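Asker: please find the sequence and the predicted model below.
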Amino acid sequence: MTEPGSDEVAEQGWEQLSPLSLILRGGVVLLAVVSWMGAQLVSRVGNFVSPGRWRDSSGQPDEVEGILSHPWVSLGILALVIVAAIGAAWMSWRFTRFRVAEHQVELRQGWIFRQQRQVPLDRVQAVEISRPLVAQILGLAKVVVQSAGGKDSNVTLAYLPLPRAHDVRDRIQRAASRLEGYAAGLADEGGAPTGVVQSAPGGTEGPYGSLPGDLLGLAPDTGRLVVQVPNLRLVLASLCHPGVVFLVLAGLAWGIAALTVIPDEWGPFGGIVVALPGLVPMLFGLLSTRVREVLKHGNFRLTDQGRSVRILHGLTDHRTTTVPLRRVQALEIVQPMMWRPMGWWRARVNVAGIHGDDSELTNETVLLPVGTLDEALTVLTLVDPALSPDHLRTAALGDGGEANWVTASPRARLFDPLSWRRSGYTVSGHGVLVRRGRYSRRAAAVPHARVQSMKLMQGPWDARRDLAAVSLVSTPGPIGIVIPHLSLHDAEAFLDEESQRTSAARRSEGTPCANPAPGDGLSSVDIALTDGHRP
Amino acid sequence: MTLRGGDLGWRSVSPALVKVRLITLAVTLVVPLVATVVLAVLVTPWVWLGTLALMVAAAIIAWVIVRQVSAISWIELEEELVIRKGRLIRSLVSVPYGRLQFVDVQSGPLMRAFGLSTLQLHTANPATSATISGLEVPIAEDLRARLSARGETQRAGL
């Protein structure tokens, strides 16, 4: 490893983080140390001013204790610790360098113990910019380069001034997209790409922060604003939750019960006072999930970037995430029952490489936290242009009886009295549309070319009525596609036909030459993204 | 592909799998059985009821094992491997060769003693693991080789 001498560093394009990141990264530790020392000092000074107290308690005055108790000594130690902490932070900052090279992003850290981490650009899944609250105040941002190797292989550049963060992200994306352009060229030769919006080379580049009214400082630097969710709507939608209703009802019941039982001399509000403590934990648990929902999806905007969509979200901790269209495996719109009067829907997708097991990350596949059906359909058709909005509308709102739709068998009425008329599927040349649920509705779409495997299931009750369920298995994610209660004949026929359709779709979509790395599931071509987001 | 019937030439797994699973069942039941017998002799004869319950449970499970093993069948079609399982809860899984990420062949000591192994197919979704237990080792090895070869030629991107 070479010495990070400043001349050599400048030559090779190594860059430094913002000096202000000292405050952000070391600030908390420093604050803790200072406050601890401060507290110690106050008590020591107290002891020094009235020495009789410690002499009384310990019998003999302890020499060391005595010296340490002297305010000047304490102050000196405090100063020394602070200076040492600042020095260490400064050294760590000085020796942290990063570089966007032609084939990789490199981060070098450490003064005594050197550490160098590299992420090859063709393994980059995503470049995310994140801005915690304090960073926003200081005009800083964090760049997280996420790679296919898992959490430990990420490179985090914390922190950079916002314009530089945008610049670094753009540079990484540009370098990675050069590789992807090459790979995409191969794929185009191999077969007709479906569901991929082609954009002109360099279409994702441009000046950052150019959008007017960019209060967040996380403007979609480029791209067309497709949908924006007002925070008020998000808050209302989050409150339309069975838990909230339950809590309100429980609170009322509890209050009334308490009021009738509580003796009069406790006053008119005695019952409420008694009732409240019991409700507080419930309130807390419920509110925390609702608040987290608003925090995650606040300031939500989705922009069209050509080959990917970029999502800006987060009420206090601003984030941008990018979903590459090529990696979308399945799409879904959901309408919880309580959103029906407002006609609100939520849209989400399964993205290859993003695993649903981490609850913190699954939400990043939400493409629209709450919006009208039109907005939801706009988003879905943007992500998969081969989808027909009319078909989707039928899938969302249809109540059964439409042509082209195969619905659950009437024999399933006993098992599914509410939605057996509605639940079912339709097939287009591009994919399968599935709808379920009568009061709490959902409609999902999966392209034939994205079906991983298929499953036919029949439990004992189904067997009695000659029914079966079909499941089209997608990659891991929030969406699972199951068509329940088909007649066994329909289900078997569907399976046969769908296996032919998926095989044809696979043949036209993927050729062996476009996927040169067999056996690892995430071949290099699949990962070479302009800017994806990571599991 | 049908959930029942053998029209296409479905292949079943080795009946020796029944023995393997029965032995496993017997081994797991030995300790609780001995415990109940000891308690019945030393403490109170009422514990014989527990012994009886265990025996009945064992008999039922053994019957289920026999039925289950005979219900496992598989077939190699042109583009996919199809596996059927279950009597009470029937399932049929169809995995296209082009979607295979890798194929595992495993064999524990007991399975090896009977010359059997388990073949497991892995796709991009780890939740849907398709397995065939009780294949004779040469059959499993051949199948794995064929699956890998077909996976290479028919591979599709994610």
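Answerer: Here it is on my side, so go on.
Asker: what about the closest residue in space to A:Ser428 that isn't next to it in sequence, distance to A:Val427?
Answerer: Leaving out its chain neighbours, the residue that sits closest to A:Ser428 by CB to CB, 6 or more residues apart in numbering or on different chains is A:His391, at 6.5 Å. Using the backbone N, CA and C atoms, a C-beta is placed for each residue, glycine as well. Counting by CB to CB, to the nearest Å, the gap from A:His391 to A:Val427 is 10 Å.
Asker: higher neighbour count, these two?
Answerer: Set A:His391 next to A:Val427 and count neighbours by other CB atoms under 10 Å in any protein chain shown: A:His391 wins out with 21 against 16.
Asker: helix/strand/coil for the more buried one?
Answerer: helix (DSSP: H, G, I helix; E, B strand; the rest coil).
Asker: likewise A:Asn350?
Answerer: With three-state DSSP as the basis, A:Asn350 sits in strand.
Asker: hmm, A:Ser474 and it touching each other?
Answerer: Yes: using CB atoms under 8 Å, A:Asn350 is in contact with A:Ser474, at 5.0 Å.
Asker: now for those two: what residues contact both?
Answerer: Shared contacts of A:Asn350 and A:Ser474 (CB atoms under 8 Å, 6 or more residues apart in numbering or on different chains): A:Gln329, A:Ala330.
Asker: ok, which stretches of the stretch 101-250 of chain A are helices?
Answerer: Remark: helices assigned in the stretch 101-250 of chain A by DSSP state H, counting those that start in this stretch are A:133-137, A:162-190, A:231-239, A:242-261.
Asker: out of those, which one sits most buried?
Answerer: helix A:162-190 (a mean of 19; mean count of other CB atoms under 10 Å in any protein chain shown).
Asker: excluding covalently adjacent residues, which one is nearest to residue 92?
Answerer: You didn't say which chain, so I picked chain A. Going by CB to CB, 6+ apart, A:Ser92 has A:Trp111 as its nearest residue, at 6.6 Å.
Asker: sorry, I should have been clearer: chain B.
Answerer: Take B:Leu92 and drop its neighbours on the chain: the residue closest to it by CB to CB, 6+ apart is A:Leu456, 4.1 Å away.
Asker: wouldn't A:Ala504 be in contact with A:His430 here?
Answerer: No: look at A:Ala504 against A:His430 with CB under 8 Å: they stay out of range, at 11.6 Å.
Asker: these two - which one has more neighbours?
Answerer: A:His430 (21 against 14).
Asker: on that earlier part again, can you list the helices of the stretch 101-250 of chain A in TSV and add distance to A:His313 and mean pLDDT?
Answerer: Shown next, in TSV, are the helices of the stretch 101-250 of chain A (distance: least, CB to CB, whole Å; pLDDT from 0 to 100):
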stretch	distance to A:His313	mean pLDDT
helix A:133-137	14	84
helix A:162-190	16	68
helix A:231-239	10	93
helix A:242-261	22	79
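Asker: now distance to chain B too, for the ones you listed, in CSV please.
Answerer: Below are those laid out as CSV (distance: least, CB to the nearest CB, whole Å):
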stretch, distance to chain B
helix A:133-137, 34
helix A:162-190, 8
helix A:231-239, 29
helix A:242-261, 27
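Asker: name the helix or strand of the chain that has the lowest mean pLDDT.
Answerer: Looking at chain A here, since you left the chain open. helix A:524-527 (a mean of 32; mean pLDDT, DSSP states H and E).
Asker: wait, chain B
Answerer: strand B:102-106 (a mean of 87).
Asker: mind listing what's buried in whichever helix or strand comes after that one?
Answerer: Using DSSP states H and E, the helix or strand that follows strand B:102-106 in sequence is helix B:109-113. Within helix B:109-113, the residues that count as buried by 16 or more other CB atoms under 10 Å in any protein chain shown are B:Met111.
Asker: could I get the average pLDDT for helix B:109-113?
Answerer: Mean per-residue pLDDT for helix B:109-113: 92.
Asker: run through who's touching it.
Answerer: Contact with helix B:109-113 is made by B:Val20, B:Ile23, B:Thr24, B:Ser117, B:Thr118, B:Val137, as judged by CB under 8 Å, 6+ apart.
Asker: hmm, B:Leu147 is touching B:Val103, no?
Answerer: Yes: applying CB under 8 Å, one finds B:Leu147 in contact with B:Val103, separated by 5.0 Å.
Asker: joint contacts of those two?
Answerer: B:Leu121.
Asker: mind giving me the domain ranges of chain B?
Answerer: Using automatic domain parsing, the domains assigned to chain B come out as B:16-68, B:74-156.
Asker: just the endpoints, please. Distance across the last one?
Answerer: This points to domain B:74-156. Chord length of domain B:74-156, first to last residue, is 23 Å (CA to CA, to the nearest Å).
Asker: what do you get for the shortest one?
Answerer: Taking CA to CA, the span from the opening residue of domain B:16-68 to its closing residue is 13 Å.
Asker: check whether that domain contacts chain A.
Answerer: No: on the criterion CB under 8 Å from any CB of the partner chain, domain B:16-68 is out of touch with chain A, staying 13.2 Å away.
Asker: low-confidence ranges, the stretch 51-200 of chain A, go.
Answerer: Along the stretch 51-200 of chain A, the model assigns pLDDT under 70 to residues A:51-69, A:125-126, A:147-153, A:180-200.
Asker: would you map the strands across it?
Answerer: For the stretch 51-200 of chain A, the strands defined by DSSP state E, counting those that start in this stretch occupy A:97-100, A:104-109, A:115-120, A:124-131, A:140-147, A:155-161.
Asker: and the second one with strand A:124-131, angle?
Answerer: Right, strand A:104-109. For strand A:104-109 against strand A:124-131, the angle by axes from the mean of the first three to the mean of the last three CA atoms, to 10 degrees is 50 degrees.
Asker: so what's the residue count around residue 73?
Answerer: The chain I'm using is chain A. Neighbourhood size, A:Val73 [other CB under 10 Å]: 13.
Asker: switch to chain B, that's the one I care about
Answerer: 18.
Asker: tell me who's in contact with the residue lying closest to it once chain neighbours are set aside.
Answerer: Among residues not flanking B:Ser73 along the chain, B:Trp10 sits closest, at 4.0 Å (CB to CB, 6+ apart). When contacts are counted by CB under 8 Å, 6+ apart, B:Trp10 is found next to B:Ser73, B:Trp74, B:Ile75, B:Arg84.
Asker: measure A:Arg290 to A:Phe246 for me?
Answerer: A:Arg290 is 13 Å from A:Phe246, by CB to CB.
Asker: how about the strands in chain B?
Answerer: Under the criterion DSSP state E, chain B contains strands at B:11-12, B:73-76, B:80-85, B:90-96, B:102-106, B:116-122, B:130-136.
Asker: export those to CSV and tack on distance to A:Leu179?
Answerer: Listed next are the strands of chain B as CSV, based on distance: least, CB to CB, whole Å:
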stretch, distance to A:Leu179
strand B:11-12, 45
strand B:73-76, 38
strand B:80-85, 33
strand B:90-96, 29
strand B:102-106, 25
strand B:116-122, 27
strand B:130-136, 34
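Asker: just the terminal-to-terminal distance for stretch A:338-347.
Answerer: End-to-end distance for stretch A:338-347, by CA to CA: 16 Å.
Asker: re earlier: what about the residue nearest to B:Ser73, distance to chain A?
Answerer: According to CB to the nearest CB, to the nearest Å, B:Trp10 and chain A sit 14 Å apart.
Asker: turn the helices of the stretch 101-250 of chain A into TSV, columns for distance to A:Ser409.
Answerer: Output for those, formatted as TSV (distance: least, CB to CB, whole Å):
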stretch	distance to A:Ser409
helix A:133-137	55
helix A:162-190	41
helix A:231-239	35
helix A:242-261	30
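Asker: which of those helices sits closest to B:Val34?
Answerer: Counting by CB to CB, B:Val34 lies closest to helix A:242-261 out of those; the figure is 49.9 Å.
Asker: report all helices and strands that the closest one contacts.
Answerer: Secondary-structure packing of helix A:242-261 (3 or more CB pairs under 8 Å, 6 or more residues apart in numbering or on different chains; DSSP states H and E): helix A:270-297.
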